[in-house]
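Student: Give me the fold of what follows.
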Amino acid sequence: MTNQCINDPRSLSRDAPYHRDCSGNYCPVLFYDIHYGAEVHDQHSVKNMDEVKFIVGLYASFSSKYPKYSANVGIIAPYRAQRMALVEAFRARFGNGYQSKIEISTVDGFQGIVFVFW
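Tutor: Just a heads-up that it's a prediction; the model follows:
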C-alpha cells in the first residue's frame, strides 16, 4: 500500500471546494518554509514557535472558511518537541475538542497508519 493516498485518484481530483481556493493555501498536501522562524533546542528535541503560530493560524483560517471540512486534518511535525508545542497551542486556541478533528504526530507517529485526506 505504498503511496496509496498520493496515488489514489480521489485524492488528486480536487473535488473539495477548498482545493480550488484562490489563495492556494488549502491543497491536500502542503509544505511551508517559514524562513523567519528560529529553531530552539528543547532537551533532546527541536521546536520552532513561529512555525507553530503559523500552523495554528492557518488551521483557524481554514476551519472558519470551510467548517464542514475542518475535522479531517493531519499535521506532521518533524520533531517530538514541535509536536508537543503544536498540541499545547491547539489546546490553548481551540480547547480539548480539537483532538477529535486534528491528528498531530511526528513522521514516525504517522508511519504504519492510513490517513485519508481530501
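
Student: start to end distance for stretch 64-71?
Tutor: Across its full length, stretch 64-71 reaches 12 Å end to end, with Cα to Cα, to the nearest Å as the criterion.

Student: who touches that stretch?
Tutor: 16-18, 21, 26, 59, 62-63, 100-101, 118 (Cβ atoms under 8 Å, 6 or more residues apart in numbering). To be clear about C-beta, it is placed using only N, CA and C from the backbone, and glycine gets the same treatment.

Student: Any idea how far that stretch is from the middle of the chain?
Tutor: For stretch 64-71, the distance from its own C-alpha centre to the chain's C-alpha centre is 14 Å (Cα atoms, centre = their mean, to the nearest Å).

Student: pretty sure Ile76 is touching Thr106, no?
Tutor: Yes: the criterion here is Cβ atoms under 8 Å, and Ile76 meets it with Thr106 at 7.2 Å.

Student: what's the helix or strand for the residue minimising distance to the centre of the chain?
Tutor: Closest to where the C-alpha atoms of the chain average out (Cα atoms, centre = their mean) is Ile75, at 2.7 Å. Under the criterion DSSP states H and E, the helix or strand holding Ile75 is strand 73-77.

Student: State the mean pLDDT of that strand.
Tutor: Per-residue pLDDT values over strand 73-77 give a mean of 88.

Student: Which secondary structure elements does it sit against?
Tutor: Here strand 73-77 is seen to pack against helix 49-65, helix 80-94, strand 102-106, helix 107-110 when contacts are counted using 3 or more Cβ pairs under 8 Å, 6 or more residues apart in numbering; DSSP states H and E.
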